[in-house]
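Novice: output the structure for:
(one chain, ligands or ions: 2)
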Amino acid sequence: MSTVQGRLRIAVQKSGRLAERSLDLVRDAGLRVVKGNNELLYRIENYPIDLLRVRDDDIPTFVADGVCDLGIVGENVLEEVRNGGPNAEVVMPLGFGRCTLKIAVPPTLDYAGPQSLDGLRIATSYPKILRRFLNDRDVRADIVTMRGAVEVAPRLKLASAICDLVSTGATLEANGLMAKETVLDSQAVLIKSPSAPETGLQHLLDSIIERMAGVVSSQG
Ligand code: PRT
Ligand code: ZN
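Specialist: Ligands and ions are numbered 1, 2, ... in the order given. Now for the predicted structure:
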């Protein structure tokens, strides 16, 4: 009699700012990554684990739905896709991918606090997080959602202010914008599904989390 052994799935960003560090973490945790003939799926050769390589925006939902058991994603993305249903659980911060979601304005705008945004239009890729921030401060503003190039919105008169991720600040500076409010501090986090893994894989899942925690704490 033979039983088909299930496999754990870890969702990582396919390409982009978190991709390399995510793979490093997986490797440092002792998982030997082998590239298959499928770019979407890498296999782990020493454990029954697959890496699903996707857009970062899809990671929270895959993990929340139990399509993947673990995932590595920025807190900014996790917050933005959070909804009323079962959500992925944050296991631990990973210490990389640090950035801050900030509201920035051109110097021509007389800024004296969030109330200065009342009645204005703000461009962002994070409309839900921004709406929450504004609501909490009783600020009524229009939000225009842009997938990218948010920093050019004021120059194109698409918006009076922006809400975007900042790491070095070079992009804001190059576009003559000044950061005024911190909306969210973010870094990459390990997330875990609220659904149990396939039969027989709980122990492996726990040990992978434990090894990753060891790697992260050794990196200080
Ligand atoms: O294709 P996919 O959807 O997977 O990737 P993506 O294009 O949505 O994301 P990607 O790869 O750009 O970023 C992945 C994650 O990295 C983000 O969700 C954040 O959690 C994190 N991160 C860290 C950043 C930055 N730093 C960052 N600086 N994400 C974006 N930026 C951008 C920012 O939007 C702005 O355009 O970099 C610019 C600002 O950088 P500075 O250094 O000029 O301030
Ligand atoms: Zn994305």
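Novice: what about the strands in this structure?
Specialist: 8-13, 33-35, 41-44, 49-54, 70-74, 89-93, 99-105, 121-124, 142-145, 161-166, 178-186, 188-192 (DSSP state E).
Novice: which one of those strands lies nearest to residue 203?
Specialist: Residue 203 lies closest to strand 8-13 among these, at 10.7 Å (C-beta to C-beta). Where you see a C-beta, it was placed from the backbone N, CA and C, and this is true even at glycine.
Novice: got the CA coordinates for that closest one in PDB?
Specialist: Below are the C-alpha coordinates for strand 8-13, written out as PDB (Å, rounded to 0.1, in the frame of the first residue of the first chain):
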ATOM      1  CA  LEU A   8       3.800  22.300   1.700                       C
ATOM      2  CA  ARG A   9       3.700  25.400  -0.400                       C
ATOM      3  CA  ILE A  10       5.500  28.700   0.300                       C
ATOM      4  CA  ALA A  11       4.500  31.800  -1.700                       C
ATOM      5  CA  VAL A  12       7.300  34.100  -2.600                       C
ATOM      6  CA  GLN A  13       7.600  37.100  -4.900                       C
END
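Novice: pairing partners for that strand, with directions?
Specialist: strand 49-54 (parallel), strand 70-74 (parallel) (DSSP bridges).
Novice: can you list these in a markdown table and add mean neighbour count?
Specialist: Shown next, in a markdown table, are those (neighbours: other C-beta atoms under 10 Å):
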| stretch | mean neighbour count |
| --- | --- |
| strand 49-54 | 21 |
| strand 70-74 | 28 |
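Novice: for this protein, which spans come out with low pLDDT?
Specialist: In the predicted model of the chain, residues 1-4 satisfy pLDDT under 70.
Novice: which positions in it make contact with ligand 1?
Specialist: Taking C-beta under 6 Å from any ligand atom as the contact definition, the chain meets ligand 1 at 13, 16-18, 55-57, 74, 76-77, 97, 99, 164-171, 186.
Novice: tell me which of the strands paired with strand 8-13 lies nearest to ligand 2.
Specialist: Distance to ligand 2, taken as C-beta to the ion, is lowest for strand 70-74 among these, at 8.8 Å.
Novice: CA atoms of the closest one as CSV?
Specialist: As requested, the backbone C-alpha atoms of strand 70-74 are provided in CSV (Å, rounded to 0.1, in the frame of the first residue of the first chain):
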residue,chain,number,x,y,z
LEU,A,70,3.4,30.1,4.2
GLY,A,71,4.2,33.3,2.4
ILE,A,72,6.7,36.2,2.5
VAL,A,73,5.3,39.6,1.8
GLY,A,74,5.5,43.3,2.8
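Novice: before we move on, the earlier item: so which of the strands of the chain is the most surrounded?
Specialist: Greatest average neighbour count among the strands of the chain goes to strand 70-74 (a mean of 28), per mean count of other C-beta atoms under 10 Å.
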